[in-house]
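Asker: quick check, what structure comes out for this input:
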Amino acid sequence: FEHAPYRIRHADGRLLWIYDYTVVLRDGEGKATHFYGYIMDISARVATDEQLHRQLELVDKLGAPILQVWDGVLAVTLIGLLDDARAARVTETLLARVASSKTHDAIIDLTSVEVIDTATAHHLGKMIRALGLLGCRAVVSGMSPEVAQILVSLDVDFGALRIHRTLAAALRAVIARGQ
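Answerer: Coordinates of the predicted model:
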């Protein structure tokens, strides 16, 4: 029998995470004659897994901070690998911020994006269209040559989109247009 990890209280009062595996040997009539197996204290592994989970959540949050950089202007800086699941979370958070504020421009900074796949490229296009439906103009900054080549090869249409080389240039353009 293999059991899911469970907690027990040690004689000294500590709570331990335990994993156990048991084998039952039976005689010809099916009666249990022997039990053997092992019990492992996996408390350290569980603590490490929980710490890793917290760190991954933090990286996810820090990997796409949404900042108000000017009146009515939000900027989201995407960092690292942008996969479909992460793009969906960023989109949901960004759209919620735009809907709950008087945001008229959203700068999507791709400076630190290393790789973008087909699904993510289409998700980025959907994010940009959704921003438009909320009355918010999307501006993209910091697109690397690699990401640009991927988007071109995927035939993603960014014809009407304003793209700037740097976040600073995008912010200057947005502010200048607003005055």
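
Asker: residues contacting the longest helix along the chain, please?
Answerer: Determined from DSSP state H, the single longest helix within the chain is helix 43-62. By C-beta atoms under 8 Å, 6 or more residues apart in numbering, the residues outside helix 43-62 that reach it are 5, 15, 16, 17, 79, 80, 86, 89. Every C-beta, even on glycine, is put in place using the N, C-alpha and C of the backbone.

Asker: who's in contact with residue 64?
Answerer: Going by C-beta under 8 Å, 6+ apart, residue 64 touches 76, 77, 78, 79, 86, 89, 90, 93.

Asker: which element is encountered next along the chain beyond the worst-scoring helix or strand of the chain on mean pLDDT?
Answerer: The least trusted helix or strand in the chain, going by mean pLDDT, DSSP states H and E, turns out to be helix 145-153, with a mean of 82. Moving toward the C-terminus from helix 145-153, the first helix or strand encountered (DSSP states H and E) is strand 162-164.

Asker: note down every partner strand of that next one and its orientation.
Answerer: Using DSSP bridges, the strands paired with strand 162-164 are strand 137-141 (parallel).

Asker: quick one: the partner strand to helix 145-153, angle?
Answerer: Computed with axes from the mean of the first three to the mean of the last three C-alpha atoms, to 10 degrees, the direction of strand 137-141 lies at 130 degrees from that of helix 145-153.

Asker: and the contacts of strand 137-141?
Answerer: In contact with strand 137-141 (C-beta under 8 Å, 6+ apart) are residues 104-111, 127-128, 131-132, 158, 161-167, 169-170, 173-174.

Asker: stretch 113-132: which residues count as buried?
Answerer: Neighbour counts over stretch 113-132 (16 or more other C-beta atoms under 10 Å) mark 113, 116, 120, 121, 123, 124, 125, 127, 128, 130, 131 as buried.

Asker: now the two most distant members of those residues.
Answerer: The most widely separated members of the buried residues of stretch 113-132, counting by C-beta to C-beta, are 113 and 130 (19.0 Å).
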